[in-house]
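Q: build me a model from this:
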Amino acid sequence: MLMDDDAVRRERAELWTWQFGAALASATRIAWVIEAHFADMYDEIRFYLDDPQATDTRPCVSYNRNGRLHVLGASNPGSLMSVDVLGDDGQLLLIKDAADWVLQNAQPFVGRPDPQLGRSLRLMTKLLSRAVGTDVGGPWEWRNGYLDAASGVGRRESYFEAVPAAAKACHPQEGDLMGVPEYRYWFLVGAEELPRLAIEPATGSVFTANPNGVGFGQP
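A: I've put the predicted structure just below:
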């Protein structure tokens, strides 16, 4: 199935998202990774930094997938710093430059990385890369198990129904963001909104919808 230019750009931005996330997770500690649609205007991936000072404030790195990267609340609760990821020439900011910019602006909330999360985000990038450009239902993207939007919130039941093993594993744990275990799960979704697999980045556990494979190569 040939994709139009918008779909190709969407997949390109999606790949950048997780390449950046993997680089950030390898450089500093991240407590949670979620998807959010605040005001129903934004399509954000939020990386909550793990505050090494153990305060109640957790600064947030937000990438709005229309091309803008933010660091929120690093110097004070109302602070906001941002940079354009997509240049006027259509080129995406280099991953290293984006990660370095975040680390510079997120001080002093940079902590020791969690190796497992870094490995998981690299795996998510690898799986997405295998799916992108295939003829099996793209454009492909990672979507969270919990819908967090102004117009509605809640468990994405259709995702968990498509990957029963993830549904079986999804139980509350200490440290869940706002007590919601569904935030821990991510689903690789194509145009049909039918997940082929799920991953729990905190543990690296992968759950496939099809026990014989996901249709574009094994994890």
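
Q: how does this structure divide up, domain by domain?
A: 5-105, 115-208 (automatic domain parsing).

Q: in terms of mean pLDDT, which of the ones you listed ranks lowest?
A: The weakest mean pLDDT among the domains of the chain belongs to domain 5-105, with a mean of 83.

Q: how about the domains of the chain in TSV, adding mean neighbour count?
A: In this view, the C-beta of every residue, glycine as well, is placed from N, C-alpha and C. Below are those laid out as TSV (neighbours: other Cβ atoms under 10 Å):
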stretch	mean neighbour count
domain 5-105	17
domain 115-208	18
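
Q: immediately after the strand or helix carrying Arg119, which helix or strand?
A: Element membership of Arg119, judged by DSSP states H and E, is helix 115-131. Moving toward the C-terminus from helix 115-131, the next helix or strand (DSSP H and E) is strand 141-144.

Q: run the chain-centre distance for the following helix or strand past that following strand.
A: The first helix or strand that comes after strand 141-144 along the chain, using DSSP H and E, is strand 146-149. Taking Cα atoms, centre = their mean, to the nearest Å, one finds strand 146-149 lying 13 Å from the centre of the chain it belongs to.

Q: now do stretch 23-32
A: On Cα atoms, centre = their mean, the centre of stretch 23-32 falls 12 Å from that of its chain.

Q: next one: stretch 105-113
A: Centroid separation for stretch 105-113 versus its chain: 19 Å, with Cα atoms, centre = their mean.

Q: show me what the residue most central in space within the chain is bridged to.
A: Centrality entry for the chain: nearest residue to the mean C-alpha point is Ile45, 5.1 Å, by Cα atoms, centre = their mean. For Ile45, the beta-bridge assignment (DSSP bridges) gives partners Glu35, Tyr63.

Q: which neighbouring elements make contact with the helix holding Arg119?
A: Under the contact definition 3 or more Cβ pairs under 8 Å, 6 or more residues apart in numbering; DSSP states H and E, helix 115-131 sits against helix 5-27, strand 30-36, strand 141-144, strand 186-189, strand 197-200.

Q: which other residues reach it?
A: Identification of contacts with helix 115-131 by Cβ atoms under 8 Å, 6 or more residues apart in numbering yields 14-15, 18-19, 21-22, 25-26, 30, 33, 138, 140-142, 186, 188, 190, 196-197, 199-204, 206, 214, 216-217, 219.

Q: picking up where we left off before, indicate which one of the helices and strands packed on helix 115-131 is closest to Cys170.
A: strand 197-200 (8.4 Å; Cβ to Cβ).

Q: nearest residue to Ser26 other than its sequence neighbours?
A: Gly118 (4.3 Å; Cβ to Cβ, 6 or more residues apart in numbering).

Q: look up how far Tyr63 lies from the one you found.
A: Look at Gly118 and Tyr63: by Cβ to Cβ, to the nearest Å, they are 17 Å apart.

Q: go on, Arg46?
A: Using Cβ to Cβ, one gets 8 Å for the distance from Arg46 to Tyr63.

Q: now do the shared contacts for these two.
A: Common neighbours of Arg46 and Tyr63, counting by Cβ under 8 Å, 6+ apart, are absent.

Q: distance of Ala191 from Ala39?
A: Distance of Ala191 to Ala39, computed by Cβ to Cβ: 25 Å.

Q: same check, this time on Ala150
A: According to Cβ to Cβ, Ala150 and Ala39 sit 5 Å apart.
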